[in-house]
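Chemist: Below is the structure, and that's it, no one-letter string:
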């Protein structure tokens, strides 16, 4: 996605709201999960294909999957961090039971050399338009 | 922010686009930064006030600050993780030089007991409407 498209999206994020700022606080907001993964470098291409397929399918068919952000640590391209937003706990649990997620787990189980999943509480969540 | 408002926002995220899915990949997308902070428990309330003021000001006055998400690790409420999205590198650098960020740094420097800042490369960034 180019920056232009991102900015269009960003600009639309709170278009229906009267003020620029949107803030979600505490437990009333979405469910956030963080995952810290290390991938076998020799299998990175296969892992990348599998996880991107899974993410795209999740976004496409699961209304409760609001956002899936994955980045790699600079200089450590096989160390991935996921920041995931689900509408609520049920949406998160439904995601974990989905066929595409189960397929991803099965496909990638020998590609992931380290996995840390963090449950979180919301502290301050903000997104806004320009 | 209540779930209802969030879903309104989520539903508007790609309203102008013809398909449901929005994907940003690789270096063309926004600049993402992750921060891992531990706060002195005795100063958590003061830190919370200071950082939320800073986040709100950033969202209000900086067009290039696209999103600031902060969560605490469940069961470790003084361990915060920030996932920050900036339009580009210049927007990130401008943010770091802003008066409200500098004030935050000065105000909170003795409240933060551990700080880790991670630079990242984009791997897969997705947000969508329901």
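Modeler: Looks like it arrived, so ask away. Source: prediction; values computed, not measured.
Chemist: what's downstream of the longest helix that chain A contains, the next helix or strand?
Modeler: Of all the segments assigned as helix in chain A under DSSP state H, the longest by residue count is helix A:44-61. Past helix A:44-61, further along toward the C-terminus, the next helix or strand under DSSP states H and E is strand A:65-73.
Chemist: Return the list of helices and strands in contact with that following strand.
Modeler: Using 3 or more CB pairs under 8 Å, 6 or more residues apart in numbering or on different chains; DSSP states H and E, the elements in contact with strand A:65-73 are helix A:44-61, strand A:76-86, strand B:31-39, strand B:112-127. Heads up, the C-betas are built off the backbone N, CA and C, glycines and all.
Chemist: Tabulate these (JSON lines), appending distance to residue B:65.
Modeler: Conversion of those to JSON lines gives the following (distance: least, CB to CB, whole Å):
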{"stretch": "helix A:44-61", "distance to residue B:65": "24"}
{"stretch": "strand A:76-86", "distance to residue B:65": "16"}
{"stretch": "strand B:31-39", "distance to residue B:65": "10"}
{"stretch": "strand B:112-127", "distance to residue B:65": "16"}
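Chemist: what ranges of chain A fall below the confidence cut-off?
Modeler: Low-confidence segments of chain A, defined by pLDDT under 70: A:1-28, A:128-130.
Chemist: I'd like the helices and strands packed on strand A:65-73 laid out as TSV, including distance to residue A:120 and mean neighbour count.
Modeler: Listed next are the helices and strands packed on strand A:65-73 as TSV, based on distance: least, CB to CB, whole Å; neighbours: other CB atoms under 10 Å in any protein chain shown:
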stretch	distance to residue A:120	mean neighbour count
helix A:44-61	19	18
strand A:76-86	10	20
strand B:31-39	12	19
strand B:112-127	16	17
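Chemist: Quick one: closest of these to residue B:52.
Modeler: Distances from residue B:52 to each of these were compared using CB to CB; the minimum, 12.7 Å, belongs to strand B:31-39.
Chemist: And the residue nearest the centre of chain A?
Modeler: Nearest to the geometric centre of chain A sits residue A:68, at 1.9 Å (CA atoms, centre = their mean).
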